[in-house]
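Chemist: just need the structure, nothing else, for what follows:
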Amino acid sequence: MIYLLIVSIIWALSFGLIKGNLAGLDSHFIAFARLSISFVFFGAFLRIKQFQSKQLLLLMTVGAVQFGLMYIFYIYAYNYLQAWQIALFTIFTPLYVTLINDILSKRFHLFFLLMAILSIFGAAIIVFKNIPDVKFQLGFLLMQLSNICFAVGQVYYKKIRQNFLNVKDVHLFSWLYFGAFIISGTNSFFMTDWDSLVITTTHFYTLLYLGILASGICFFLWNYGAVKVNAGTLAVFNNLKVPLGVAFSIFIFSESGDFLKMIIGGTIIISAIYLAGRFDKKRIPKIISR
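Modeler: Purely as a prediction, here's the structure:
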């Protein structure tokens with residue numbers, strides 16, 4: 001659980017970098033650049049001999065979906081949504097995590113579904129605003145596709161991790177990032193306007209931070225932590241970055257924010273995390289069967 005908490009804190013501190021420091025930079029290139037940096041960072045851990053070809057293809061597919069497609073949809077949504085709308089539309093990820101886990105495990109977990117809904121309610125209290133009368137439907141759709149891709153990846157990695165008991169996670173992740181690199185690179189090759197691409201110093205250092213820490217290390221820690229908790233706890237943790245992000249905005253960056261909503265919503269999300277963890281320890285021996 002500590003790994004998920006650390007990542008949630010880092011992601012909460014990273015809010016606004018894409019919309020602020022990367023404004024004007026091609027969205028397809030952003031996704032490709034940060035995932036390329038992540039792949040290079042983990043490239044030293046690439047191993048071939050200890051894997052079968054089918055296993056490599058599986059790992060690359062997981063990475064292509066969880067990181068590659070997820071980022072393509074996520075970054076592109078910034079063309080249609082404001083930053084607070086992006087935050088709002090990410091809160092549905094816990095629902096997808098629980099439902100996808102139920103499909104893969106062939107078992108319905110009502111309590112985890114309720115905890116996911118509770119966390120969505122808590123996050124909505126914090127970030128919901130009156131949505132202006134604009135055509136944001138495409139942005140909403142892109143965000144849900146992004147959420148689904150991220151949910152599929154983390155749940156499926158949790159499921160298949162047991163098939164690589166003698167392999168370190170860093171070796172697995174190098175192939176995940178290779179898959180993400182391929183899919184995002186292919187997309188950027190055809191969609192990025194390379195002739196007009198201009199990268200400033202601010203762009204470079206922001207992409208470096210996102211690629212190494214917010215993406216590279218944090219996604220590794222997130223999936224590493226996902227294996228160590230039940231699906232309900234994993235689902236709810238996907239929304240912890242919301243109250244943390246508001247808290248950091250208020251107390252660290254001296255920005256405006258609704259303190260009362262943060263307290264109420266954050267308390268609800270933390271309660272859902274606690275209840276999901278307690279329920280698993282007392283009632284359910286395993287969430288995803290071996």
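
Chemist: okay, CA-based contacts and neighbour counts for the rest of this
Modeler: OK.

Chemist: per-residue pLDDT of residue 25, please?
Modeler: Looking at residue 25, its pLDDT reads 88.

Chemist: same question for the one 10 residues further on.
Modeler: In the prediction, the pLDDT value recorded for residue 35 is 95.

Chemist: ok, residues contacting whatever helix or strand it lives in?
Modeler: In the assignment (DSSP states H and E), residue 35 maps to helix 27-42. Contacts to helix 27-42, defined as C-alpha atoms under 8 Å, 6 or more residues apart in numbering, come from residues 67-68, 71-72, 75-76, 170, 173-174, 177-178, 180-181, 184-185, 187-188, 191-192, 207-208, 210-212, 215-217.

Chemist: show the low-confidence segments of the stretch 1-150 of the chain, by residue range.
Modeler: 15-19, 84, 130-135 (pLDDT under 70).

Chemist: how much space separates residue 123 from residue 46?
Modeler: Going from residue 123 to residue 46 by C-alpha to C-alpha, to the nearest Å gives 38 Å.

Chemist: once you drop chain neighbours, what's closest to residue 228?
Modeler: residue 1 (7.2 Å; C-alpha to C-alpha, 6 or more residues apart in numbering).

Chemist: how many residues are close by that neighbour?
Modeler: 18 (other C-alpha atoms under 10 Å).

Chemist: can you check residue 190 too?
Modeler: For residue 190, using other C-alpha under 10 Å, the count is 10.

Chemist: residue 50 too?
Modeler: Considering only other C-alpha under 10 Å, residue 50 is surrounded by 12 other residues.

Chemist: residue contacts, residue 212?
Modeler: 34, 37, 38, 41.

Chemist: same list, these, but as a markdown table with distance to residue 237 please.
Modeler: Converted to a markdown table, the contacts of residue 212 look like this (distance: C-alpha to C-alpha, whole Å):
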| residue | distance to residue 237 |
| --- | --- |
| 34 | 23 |
| 37 | 26 |
| 38 | 23 |
| 41 | 26 |
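
Chemist: between those, which has the most around it?
Modeler: Result: residue 38 is most packed of these (other C-alpha under 10 Å), 28 neighbours.

Chemist: that residue and residue 174, how far apart?
Modeler: Residue 38 is 9 Å from residue 174, by C-alpha to C-alpha.

Chemist: residue 268 and residue 128: what is the separation?
Modeler: With C-alpha to C-alpha as the criterion, residue 268 and residue 128 are 15 Å apart.

Chemist: what about these two, which has more around it?
Modeler: residue 268 (20 against 15).

Chemist: how close does the more buried one sit to residue 251?
Modeler: According to C-alpha to C-alpha, residue 268 and residue 251 sit 20 Å apart.

Chemist: residue 224 too?
Modeler: 30 Å.

Chemist: who has more neighbours, these two?
Modeler: residue 224 (21 against 11).

Chemist: residues of the helix or strand containing that one that come out buried?
Modeler: Element membership of residue 224, judged by DSSP H and E, is helix 218-226. Buried residues in helix 218-226, counted by 16 or more other C-alpha atoms under 10 Å: 218, 219, 220, 221, 222, 223, 224, 225, 226.

Chemist: now stretch 54-61
Modeler: Buried positions in stretch 54-61, judged by neighbour count with 16+ other C-alpha under 10 Å: 55, 56, 58, 59, 60, 61.

Chemist: among those, name the ones in helices.
Modeler: 55, 56, 58, 59, 60, 61 (DSSP state H).

Chemist: distance of the third one from residue 65?
Modeler: So that's residue 58. For residue 58 relative to residue 65 (C-alpha to C-alpha), the value is 11 Å.

Chemist: I'd like the ones in helices among the buried residues of stretch 54-61 as JSON lines, with distance to residue 23 appended.
Modeler: Shown next, in JSON lines, are these (distance: C-alpha to C-alpha, whole Å):
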{"residue": "55", "distance to residue 23": "38"}
{"residue": "56", "distance to residue 23": "36"}
{"residue": "58", "distance to residue 23": "35"}
{"residue": "59", "distance to residue 23": "32"}
{"residue": "60", "distance to residue 23": "30"}
{"residue": "61", "distance to residue 23": "30"}
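
Chemist: how about residue 235, what does it touch?
Modeler: By C-alpha under 8 Å, 6+ apart, the neighbours of residue 235 are 93, 94, 95, 97, 98, 116.

Chemist: where's residue 259 relative to residue 265, distance?
Modeler: Residue 259 is 10 Å from residue 265, by C-alpha to C-alpha.
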